[in-house]
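Colleague: This is a predicted model, with the sequence first.
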Amino acid sequence: MSMTAPTHLQEVDRYFAERVDLAAAFRWAVRLNWHEAVANHFSLAVNESGTQFLMNPNQRHFSLIRASDLLVIDAEDPQTMQQDNAPDPTAWGLHGAIHRNCRHARCALHVHSKYATVLASLADSSMPPIDQNTALFFNRVVIDEEYGGLAFEEEGERCSQLFADPQRKVMIMGNHGVLVIGDSVADAFNRLFYFERAAETLVTAYMTGRPLRVLSDEIAEKTARELDAYPESAIRHFSDCKEILDRDEPDYRN
């Protein structure tokens, strides 16, 4: 499958809705200050098996990404990095492995956002349930304790194995950042939004030096289940995000 940005309307239209959603996530990552120069990557599976996916082009600033800029990549093509307009090698290493090995990960968002990265830098990177947002992630996070350098193919393969439990959709990447997966762009974006907010609350609470008021496991799990089932929260959140972009930055759809 070609990895070049599409040049024909027919090819653009093939994944039009998916392209628009992923482009919107990039633009909102900038608005929320999750971006980092021209690094970090988002991806979205576009075939049933999940092995073919959209991803941002190599070293393109999130604020400039349009729907038509997104590459179509085949996770099972060993010649990916030898083709024209190949993706960033760490993007291929991490996201290629995710879409090759974790078929339940339809969308994968990886950032070095401020508070998630602070949490990932602590000796104890766990997230105790101290409020409603932190409780959302109770027993739903995996912590990578074995950072091995940039996420080239070997490191990407190792990380992908940590998503074996489909309930755990957030990876706190120790000494690195955060990787969130979801059933759709809306699902993953909403989860990343709340994880960064939860990490901000926790890090700020640590900064007070005061004892934490930690919820019981029973209440934390009850709260997480209730929030998981909250009707259409992610869809409505992301729909409004796109409406704001339609008003302020409509070129993201191009």
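Modeller: Perfect, thanks for sending it.

Colleague: Setting the sequence-adjacent residues aside, check what's closest to Ala186.
Modeller: With CB to CB, 6 or more residues apart in numbering as the criterion, Ala186 has its nearest non-adjacent residue at 3.6 Å, and that residue is Phe238. Glycine gets a C-beta too; all of them are placed from N, C-alpha and C.

Colleague: which ones are touching that neighbour?
Modeller: Asp21, Ala24, Val185, Ala186, Phe189, Asn190 (CB atoms under 8 Å, 6 or more residues apart in numbering).

Colleague: can you redo those residues as JSON lines with distance to His176?
Modeller: Output for the contacts of Phe238, formatted as JSON lines (distance: CB to CB, whole Å):
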{"residue": "Asp21", "distance to His176": "26"}
{"residue": "Ala24", "distance to His176": "25"}
{"residue": "Val185", "distance to His176": "22"}
{"residue": "Ala186", "distance to His176": "25"}
{"residue": "Phe189", "distance to His176": "20"}
{"residue": "Asn190", "distance to His176": "22"}
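
Colleague: of the residues you listed, closest to Gly148?
Modeller: Phe189 (27.7 Å; CB to CB).

Colleague: Look at the most centrally placed residue in the chain and give its secondary structure.
Modeller: Nearest to the geometric centre of the chain sits Leu109, at 1.5 Å (CA atoms, centre = their mean). When classified by DSSP: H, G, I helix; E, B strand; the rest coil, Leu109 comes out as strand.

Colleague: Quick one: the strands in this protein, in order.
Modeller: Residue ranges of the strands in the chain, as given by DSSP state E, are 41-45, 52-55, 71-74, 107-111, 141-144, 170-173, 177-182.

Colleague: need those strands in TSV with mean pLDDT and distance to Thr134, can you?
Modeller: Supplementary listing: those in TSV, determined by pLDDT from 0 to 100; distance: least, CB to CB, whole Å:
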stretch	mean pLDDT	distance to Thr134
strand 41-45	98	24
strand 52-55	96	30
strand 71-74	94	34
strand 107-111	98	19
strand 141-144	97	10
strand 170-173	97	12
strand 177-182	97	14
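
Colleague: returning to that earlier point: measure the residue nearest to Ala186 to Arg103 for me?
Modeller: Computed with CB to CB, to the nearest Å, the distance linking Phe238 and Arg103 is 22 Å.

Colleague: likewise Gln52?
Modeller: Counting by CB to CB, the gap from Gln52 to Arg103 is 12 Å.

Colleague: of these two, who's got more company?
Modeller: Gln52 (18 against 14; other CB atoms under 10 Å).

Colleague: Tell me the bridge partners for that one.
Modeller: Beta-bridge partners for Gln52, by DSSP bridges, are Asp74.

Colleague: Distance-wise, check it relative to Thr223.
Modeller: Distance from Gln52 to Thr223, by CB to CB: 37 Å.

Colleague: Many thanks, have a good one.
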